[in-house]
Structure formats: C-alpha cells, structure tokens
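S.K.: sequence first, then the predicted structure, then my questions.
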Amino acid sequence: MIRDCLKYIVILTLFIGLMSCGSDSTGPDPGDAPSVPTKIVNEDAQPDVSYFKNNQPKQLTGDNTKSTNNYYAARNSALTLSGIASMNSLYSGFMAPASSKEPEFKDGKWVWEFTHTNPETGDTGTFRLEAEETSDGYKWAMFLSMDTSDFSVENYKVFEGTTSADGSEGEWIFNAIDLEKTGTQEIKAFVFSWLVSSDTKMETSFKFFDDSGAVQIEGGYTEDVPEHTLTMNYPNSQQSNIEIYWNTDNKTGYMVQGTECKGWDSTFQDDNTVCP
C-alpha cells in the first residue's frame, strides 16, 4: 500500500541539491525578503522517536518467561512510520538553491528564479519560487518548467504552502509528476501540516493520495511531553490502523493495531495492563 502511494511522488533526484545562477534583484523594494525555509518544515515539527532509538532492552532468558516482544514490535513500526511522516524532507532540495539567490519583487510577490542542467543528459529545468506575504506569515509556491525527450511541463506547481512568520505553524501540499503523461496536470501526492506550541508540545498531520485524489494513508504525531502518540490509518484498505503511544517519564507504552493492543511496562517487558 505504501509503495503504491509513493510511486506517484517523483522527486527528480537529479535536481535535488541544485547549484546554479539566479537573477539579480530589480524593481521596487518593499523591505527585506523572507528567509527561504530550506528545511521546508520547522525542524521541531518532526516525530521524536529517540525513545525507541535509545532503548534496546535484551530479551530475558532462563526462568523468567516475560518477553519484550510488544516493545520491539512497536519500536519497529514507530521507526518506519516516523520516516513516512517525514517525507516532506525529500522536497527540501528544491528550496536550497533559492536561499543563495537574490530575489526580485514582482506583482506583490518575492520571486526567486534559477535553472539547473543535468550534466549527463543536458536536460535543463527552470525553477521559480514565489512568496506572498499574508496577515501572519507567507504563502509559498514552487514551479518547474522543463522540456525533455521523456516529458514536458510548463509552470508545474511542485508544491505550495503557508508558514507563520516564526515557522511554528504551517502546511505544505506536495504534488507529483507522472512521467507516463506528457504535459501532466498537477496531482496532489502528499499534505503535511504542523503546529509547534512550545518546546514540549506539538502536533502534526499528514495524508498521502493516489493519482485519483483518494486518501491512501493518513496519520499524525502528537507530543505533550512526556506523552507521545504516532498514528497511521488506511481509510481505503483492509490494512489495520496503527496507534503507538509511549511515555518518556515512566517508560511504558503500547501499540494498538486493528483491535489488538500490546503494551509494555517500565522495564520494556510485555504488559497489556498498560493498554487503554
């Protein structure tokens, strides 16, 4: 299911990490241009799964029959799901070149333009990043124009989104490029939103879409230290939904998959009494 969803997301990896020339700033200057969010999403708005990375208890042996199977099942799922929840980072490469260019102010928007040529094929893509000021932040959009022997796009919106002035809140909508179609239309592939309330409290949500626009995967991550919850739902599939909860103070947690709950105690040993 995840593979079917992700196959529609074409990152154009040959263009990530671009280094090219941009245009000089001209026209009226309304003030300082906004800083380009090269990380796209606030770094604090990522699932913190250090609890699972830092705790790898050994399986008990001998007369003690308790096990750590429940914890390890949750650990494996949490590390996988956290990676899916951070898919937005793959698009950061499109932003990086703009941060080193001087923008122009055109028609009420800051505009960064740059090109990149693939040295192996000679194909050249033209990128345009736009930022328009809103009441509490900025509205962003990245466009691509490219003509190759395989496909052609003109002002294709690679992604768009809004961010608050301090980056603590925002949403990005990432589009895919289906290389099997010429002159492809915009196909929404992935949506990610976040709200960082403090150093210890935040929430995110995400959705993956298929090429027809139907939601294939949706989920989210909430953090209100010491409590953390990561969810993954499959609304159009028979695959079981997943909820993983862990407490970084008392070390307990559980994973609900479908209707089955598996918990663990403060020593990471199986204990279903922790389940809600």
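M.R.: Everything's here; your move.
S.K.: list the buried ones in stretch 230-245?
M.R.: Buried residues in stretch 230-245, counted by 16 or more other Cβ atoms under 10 Å: 230-234, 241-245. From N, CA and C alone the C-beta is placed, and that goes for glycine too.
S.K.: same check, this time on stretch 41-51
M.R.: 41-42, 45-49, 51.
S.K.: just put those in a markdown table and tack on pLDDT and distance to residue 66.
M.R.: A markdown table is the format used below for the buried residues of stretch 41-51 (pLDDT from 0 to 100; distance: Cβ to Cβ, whole Å):
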| residue | pLDDT | distance to residue 66 |
| --- | --- | --- |
| 41 | 76 | 40 |
| 42 | 75 | 40 |
| 45 | 84 | 37 |
| 46 | 86 | 33 |
| 47 | 91 | 28 |
| 48 | 94 | 28 |
| 49 | 95 | 24 |
| 51 | 97 | 20 |
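S.K.: keep only those of these that are in helices.
M.R.: Counting by DSSP state H, the part of the buried residues of stretch 41-51 found in helices is residue 51.
S.K.: so which of the buried residues of stretch 41-51 comes closest to residue 157?
M.R.: For the buried residues of stretch 41-51, the closest approach to residue 157 (Cβ to Cβ) belongs to residue 41, at 18.1 Å.
S.K.: that closest one and residue 151, how far apart?
M.R.: To residue 151, residue 41 is 28 Å away according to Cβ to Cβ, to the nearest Å.
S.K.: before we move on, what about residue 123?
M.R.: For residue 123, the distance to residue 151 equals 10 Å [Cβ to Cβ].
S.K.: likewise for residue 131?
M.R.: From residue 131 across to residue 151, the span is 27 Å (Cβ to Cβ).
S.K.: surely residue 276 and residue 252 touch.
M.R.: No: taking contacts as Cβ atoms under 8 Å, residue 276 lies outside contact range of residue 252: 11.7 Å.
S.K.: neighbour count winner among these two?
M.R.: When residue 276 and residue 252 are compared for neighbours, residue 252 comes out ahead with 19 against 8, by other Cβ atoms under 10 Å.
S.K.: list the contacts for the nearest residue to the more buried one once chain neighbours are set aside?
M.R.: Nearest non-adjacent residue to residue 252, counting by Cβ to Cβ, 6 or more residues apart in numbering: residue 274, 4.9 Å away. Contacts for residue 274 (Cβ atoms under 8 Å, 6 or more residues apart in numbering) come out as 252-254, 263-265.
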